[in-house]
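*Asks:* here's a sequence, model it:
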Amino acid sequence: MVVIIDYQAGNLTSVVRSLKVLGVAGEVTQDPAVVARAQRVIFPGVGAAGKAMAILQELQLDQALQEAFARGAPILGICLGAQVVLEYSDENENTRCLGVLPGRTRALPRQPGLKIPHMGWNQVRFLREHPIFKGLPEGAEYYFVHSYYPSPAQEDMVLGVTEHGATFSSVIGWRNLVATQFHPEKSGRFGLQLLENFLAWDGSYAE
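*Replies:* Residues are numbered from 1 along each chain as shown. Coordinates of the predicted model:
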């Protein structure tokens, strides 16, 4: 069973629908006990870091997610879920986040003529091999909606990058956690391939 964390941070319907296309039932839950013992976790989200962290803490899902990570369950973060796994976010006056990975979520640099939020299709350049990239072509485009991006403290935790005014981390990962700033559930066949790869991944990753 794949557990999808519901912390009131966006529409989960597209994630559930994508899993159903792949023949997998996803259990949407706010129950920390279910998350803590899950075999596999998807941690999606859109919105602001401060509000998200407040709800995660209120529901005790912050501890549950950390327990699932410590136990070695494969975890996929998506969009906001890729940002709050770090230690801090520049959003909402230096929000303290989950701290699963060392690092900080930063604002996309603002430049004249550059649209923020970054919204729409864009390419991801893979920097390292990872099981979730299996069968995905270089130069494929994925769907983004965001104004911030994850910036891990360790360079080897950046698995993929994207250009939008500057180069930013669009895929990060360490041990049994991998996270995408883009939305694989809204990224067509390549997004579905990434989700399928995640479902087959045993959580091991040799950096």
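*Asks:* show the backbone phi and psi for residue 162.
*Replies:* Note on residue 162: its backbone torsions stand at phi -140, psi 150 [degrees, to the nearest 10].
*Asks:* am I right that it is in contact with residue 181?
*Replies:* Yes - here residue 162 lies in contact with residue 181, judged by CB atoms under 8 Å, at a distance of 7.4 Å. For every residue, glycine as well, the C-beta is placed using N, CA and C.
*Asks:* got any residues that touch both of the two?
*Replies:* Counting by CB atoms under 8 Å, 6 or more residues apart in numbering, the common neighbours of residue 162 and residue 181 are 144, 168, 170.
*Asks:* more crowded one of residue 162 and residue 181?
*Replies:* More neighbours surround residue 181 than the other of residue 162 and residue 181, with 30 against 21 (other CB atoms under 10 Å).
*Asks:* once you drop chain neighbours, what's closest to that one?
*Replies:* Leaving out its chain neighbours, the residue that sits closest to residue 181 by CB to CB, 6 or more residues apart in numbering is residue 170, at 4.5 Å.
*Asks:* pull the longest helix from the chain.
*Replies:* helix 188-200 (DSSP state H).
*Asks:* in the protein, what helix or strand scores lowest on average pLDDT?
*Replies:* Using mean pLDDT, DSSP states H and E, the weakest-scoring helix or strand in the chain turns out to be helix 91-94, at a mean of 89.
*Asks:* show me what it is packed up against.
*Replies:* Judged by 3 or more CB pairs under 8 Å, 6 or more residues apart in numbering; DSSP states H and E, helix 91-94 is in contact with helix 49-58.
*Asks:* just how off-centre is the helix it packs on within its chain?
*Replies:* 16 Å (CA atoms, centre = their mean, to the nearest Å).
*Asks:* what sits up against it?
*Replies:* For helix 49-58, using CB under 8 Å, 6+ apart, the contacting residues are 7-9, 45, 61-62, 65, 80, 83-84, 89, 91-93, 95-98, 105, 148.
*Asks:* and the buried ones among these, selectable in ChimeraX?
*Replies:* To isolate the buried subset of the contacts of helix 49-58 in ChimeraX, counting by 16 or more other CB atoms under 10 Å, use the following:
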select :7,9,45,61,62,65,80,83,84,89,91,95,97,98,105,148
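*Asks:* looking at the contacts of helix 49-58, which are in strands?
*Replies:* Among those, DSSP state E puts 89, 95, 96, 105, 148 in strands.
*Asks:* spatially nearest residue to the third one, not counting backbone neighbours?
*Replies:* Pointing back at residue 96 there. Closest residue to residue 96 apart from its sequence neighbours, by CB to CB, 6+ apart: residue 88 at 6.0 Å.
*Asks:* circling back to that earlier point, surely the residue nearest to residue 181 meets residue 161?
*Replies:* Yes - in this structure, residue 170 is within contact of residue 161 by CB under 8 Å, at 5.9 Å.
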